[in-house]
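Peer 1: below are the sequence and a predicted model for it; my questions follow.
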There are 2 protein chains.
Amino acid sequence: MNVDPWLDQLQENGCRITDARRAVVETVQNSMRALTPVEVFDRARKKYSTLGLVSVYRTLEKLEELHLIQRVHQPQGCQAFIAASHGHEHLLLCQNCGQAAFFEGDNLDALIKSISKKTGYQIQDHWLQLFGLCPACQ
Amino acid sequence: MNVDPWLDQLQENGCRITDARRAVVETVQNSMRALTPVEVFDRARKKYSTLGLVSVYRTLEKLEELHLIQRVHQPQGCQAFIAASHGHEHLLLCQNCGQAAFFEGDNLDALIKSISKKTGYQIQDHWLQLFGLCPACQ
DNA sequence: ATACTTATTGAAAATGATTTTCAATTTCAA
DNA sequence: TTGAAATTGAAAATCATTTTCAATAAGTAT
């Protein structure tokens, strides 16, 4: 089997393990911030120089399907990906360096119940994201 | 002066009021859901048939600068715009028909303080968005 | 090890969204 | 009414992403 759980998951879902995939997986896993496809491409190519951008797109698509990575929405754009949270966690992003942290412990039940009553909407899901400065950038 | 506050605002910021801008402004104001540039174009062209898509992009850009409209982020995409909220309000979106409602009254101070302490981040801003079904779609 | 089926590859072309360029037109202040 | 400057739509350019395709490589069966 593989050393890496993401590669395992890919393999279990009928994918073959290739150098291109290894390079993309490793690049995303090693990053503290969300990366765009081109950023993944540039970083991964330092180790695997013949990598194609198309393979980056395809691998990111697979990883997103398997919920191993998730898209990060920001005012500047929504093309970047980061290793996915486990369970119910939300993102906290540094507006200076982009460093990402997850947190849990939001309790929005009371709010959601109140909004549901006021608006008549049946609420199914929520997005919460915090922006600020990481310790190093303050 | 103009009847419409958005047109007033545009004018106050050095813009000229044209039929193209009137058509875009009216279209966005009359929509209960977020619209993409192409959707605005299609709707607005029913009243103003020579409108160009480029003018839609340009007018939306101006309206966003003036905080009269805001971009709406959704799993399916982030190209749509809606009339902006006034003050501190968040979006509630119907996942079936797209109808949007704003709500206020989130109190995240306790959560934010706690996350700030745990992570060391200095928190400056937050995004909160609810998804569900509007009364008509339930 | 070997052969073979099938997924994967990178390059190039195609697509789709958005931006820029430009000459003609229109707004609005003088 | 006039004229400077903003705005227009069309076409071209750009940028991100997807599709197509023939060559290659992974992994299963032999």
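Peer 2: Now that the structure is in, tell me what you want to look at. Numbering: from 1, shown residues only, chains lettered A, B, ... in the order given.
Peer 1: three-state assignment of A:E26?
Peer 2: Here A:E26 is recorded as helix under DSSP: H, G, I helix; E, B strand; the rest coil.
Peer 1: count of neighbours near it?
Peer 2: 17 (other C-beta atoms under 10 Å in any protein chain shown). Where you see a C-beta, it was placed from the backbone N, CA and C, and this is true even at glycine.
Peer 1: nearest residue to the middle of chain A?
Peer 2: When C-alpha atoms, centre = their mean is applied to chain A, the residue found nearest the centroid is A:I82 (2.5 Å).
Peer 1: low-confidence ranges, chain A, go.
Peer 2: For chain A, residues meeting the criterion pLDDT under 70 lie at A:1-2.
Peer 1: please enumerate the helices of it.
Peer 2: Per DSSP state H, chain A carries helices over the ranges A:5-12, A:19-30, A:37-45, A:53-65, A:109-119.
Peer 1: counting contacts, what elements does the third one pack onto?
Peer 2: In this structure, helix A:37-45 makes packing contacts with helix A:19-30, helix A:53-65, strand A:77-83, judged by 3 or more C-beta pairs under 8 Å, 6 or more residues apart in numbering or on different chains; DSSP states H and E.
Peer 1: let me have these in CSV, extended by distance to A:T36.
Peer 2: Below are these laid out as CSV (distance: least, C-beta to C-beta, whole Å):
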stretch, distance to A:T36
helix A:19-30, 11
helix A:53-65, 10
strand A:77-83, 5
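Peer 1: reformat the ones you listed as a markdown table; add distance to DNA strand C.
Peer 2: Formatted as a markdown table, the helices and strands packed on helix A:37-45 follow (distance: least, C-beta to the nearest atom of the strand, whole Å):
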| stretch | distance to DNA strand C |
| --- | --- |
| helix A:19-30 | 3 |
| helix A:53-65 | 3 |
| strand A:77-83 | 11 |
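Peer 1: tell me which of those is the most buried.
Peer 2: helix A:19-30 (a mean of 20; mean count of other C-beta atoms under 10 Å in any protein chain shown).
Peer 1: that one near DNA strand D at all?
Peer 2: Yes: counting by C-beta under 7 Å from any atom of the strand, DNA strand D has neighbours in helix A:19-30: A:D19.
Peer 1: got the angle between that helix and helix A:5-12?
Peer 2: 140 degrees (axes from the mean of the first three to the mean of the last three C-alpha atoms, to 10 degrees).
Peer 1: now helix A:19-30: how far from the chain's centre is it?
Peer 2: For helix A:19-30, the separation from the chain centroid amounts to 13 Å (computed by C-alpha atoms, centre = their mean, to the nearest Å).
Peer 1: touching it from outside, list them.
Peer 2: Helix A:19-30 is contacted from outside by A:4, A:6-7, A:10, A:15, A:35, A:40, A:43-45, A:47-48, A:51-52, A:55-56, A:59-60, A:63, A:69, A:81-83, using C-beta atoms under 8 Å, 6 or more residues apart in numbering or on different chains.
Peer 1: now do 7 Å
Peer 2: Residues outside helix A:19-30 that contact it (C-beta atoms under 7 Å, 6 or more residues apart in numbering or on different chains) are A:4, A:6-7, A:10, A:35, A:40, A:43-44, A:47-48, A:51, A:55-56, A:59-60, A:69, A:81, A:83.
Peer 1: what about the longest strand in chain A?
Peer 2: The longest strand of chain A (DSSP state E) is strand A:122-133.
Peer 1: now that strand: buried residues?
Peer 2: Neighbour-count burial for strand A:122-133, counted by 16 or more other C-beta atoms under 10 Å in any protein chain shown, picks out A:123, A:126-133.
Peer 1: would you turn those residues into CSV with distance to B:D109?
Peer 2: Shown next, in CSV, are those (distance: C-beta to C-beta, whole Å):
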residue, distance to B:D109
A:I123, 21
A:H126, 18
A:W127, 19
A:L128, 14
A:Q129, 16
A:L130, 12
A:F131, 16
A:G132, 14
A:L133, 18
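Peer 1: what's the burial count for A:H86?
Peer 2: So A:H86, with other C-beta under 10 Å, has 9 neighbours.
Peer 1: what's the most distant pair in the buried residues of strand A:122-133?
Peer 2: Using C-beta to C-beta, the buried residues of strand A:122-133 reach their maximum pairwise distance at A:I123 and A:L133, which is 31.2 Å.
Peer 1: which positions in chain A make contact with DNA strand C?
Peer 2: Residues of chain A lying near DNA strand C (C-beta under 7 Å from any atom of the strand): A:14-16, A:18, A:20-21, A:48, A:50-52, A:54-55, A:58-59.
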